[in-house]
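Trainee: sequence? don't have it. structure:
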């Protein structure tokens, strides 16, 4: 655990089609509108190296290039290591709110619960890749996998798991919920089947409860969370 300064690290996780990209962008826009320093990023990607690795993973889905589960885990974590070093830690050191669509929990859900790699090995790999950097808050957008896959339809982003069956995606969804149950202090589960506006309101309320981020609260909830600005807790760094 290496303290890196006073920012906030929030991740959005969930199965395919749960709205991570849309909701993380809406939170970014809200924070910017309030004058807060904010960085929106994603995985895999977020850096030039990460985007090259993303291209490899995209090609594997589109061109039927076979990648084993261990190769997947190593590629995702290679991108993550560069992402943490070049984007996330520097932004946190400057006091920014960092919002990331997918992070290390996705590797555990997909390569671990989905593909059967040992969870302990994946967490060890995560620790090496990230230097122990974990989110202050993870918002799990929970959605039945059948609904999420139907939402995605022919979207190219389904490429990463395009050849996986429904049972695989159900294991992934169950994995996310298992992780949330194991770390209730870090995870907030939001029903992604609600209207997107309602999902956004719940997400911003959860984020506003981090020390110093009360201005992000919905107006009707602001009195309950209003507080003087204070440094965020750094439990996982």
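Mentor: It's in. Since the structure is predicted, the reported quantities are computational estimates derived from the model, not experimental observations. Numbering: from 1, shown residues only.

Trainee: what is the rounded mean pLDDT of the longest helix along the chain?
Mentor: Across the chain, the longest stretch assigned as helix under DSSP state H is helix 166-182. Looking at helix 166-182 alone, the average pLDDT works out to 95.

Trainee: downstream neighbour of that helix in the secondary structure list?
Mentor: Sequence order places strand 187-191 as the next helix or strand after helix 166-182, per DSSP states H and E.

Trainee: Parallel or antiparallel, which strands does that next one pair with?
Mentor: According to DSSP bridges, strand 187-191 has the following sheet partners: strand 137-142 (parallel).

Trainee: and the strand it pairs with with helix 166-182, angle?
Mentor: Interaxial angle of strand 137-142 relative to helix 166-182 (axes from the mean of the first three to the mean of the last three Cα atoms, to 10 degrees): 140 degrees.

Trainee: Residue 39: what secondary structure?
Mentor: What DSSP: H, G, I helix; E, B strand; the rest coil gives for residue 39 is strand.

Trainee: heads up, I number from 50, so please use that
Mentor: Will do, 50 is the new start, and the previous item becomes residue 88.

Trainee: For it, which non-adjacent residue is closest in space?
Mentor: Spatial nearest neighbour of residue 88, chain neighbours left out: residue 140 (4.3 Å); criterion: Cβ to Cβ, 6 or more residues apart in numbering. Backbone N, C-alpha and C define where each C-beta goes, glycine included.

Trainee: How about the helix or strand containing that neighbour, which residues are buried there?
Mentor: Using DSSP H and E, residue 140 falls within helix 138-142. Residues 138-141 are the ones in helix 138-142 that count as buried (16 or more other Cβ atoms under 10 Å).

Trainee: Now do the helices in the chain.
Mentor: Under DSSP H, the chain gives helices at 69-82, 97-111, 118-132, 138-142, 153-156, 168-179, 194-201, 215-231, 245-257, 268-274.

Trainee: okay, which residue is most central for the chain?
Mentor: Taking Cα atoms, centre = their mean as the criterion, residue 151 is the residue nearest the geometric centre of the chain, at 2.8 Å.

Trainee: isn't it right up against residue 64?
Mentor: No - using Cβ atoms under 8 Å, residue 151 is not in contact with residue 64, being 11.1 Å away.

Trainee: Can you redo the helices of the chain as a markdown table, where the extra columns are distance to residue 237?
Mentor: Output for these, formatted as a markdown table (distance: least, Cβ to Cβ, whole Å):
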| stretch | distance to residue 237 |
| --- | --- |
| helix 69-82 | 12 |
| helix 97-111 | 26 |
| helix 118-132 | 22 |
| helix 138-142 | 20 |
| helix 153-156 | 13 |
| helix 168-179 | 20 |
| helix 194-201 | 19 |
| helix 215-231 | 8 |
| helix 245-257 | 4 |
| helix 268-274 | 13 |
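
Trainee: Fine by me, thanks again.
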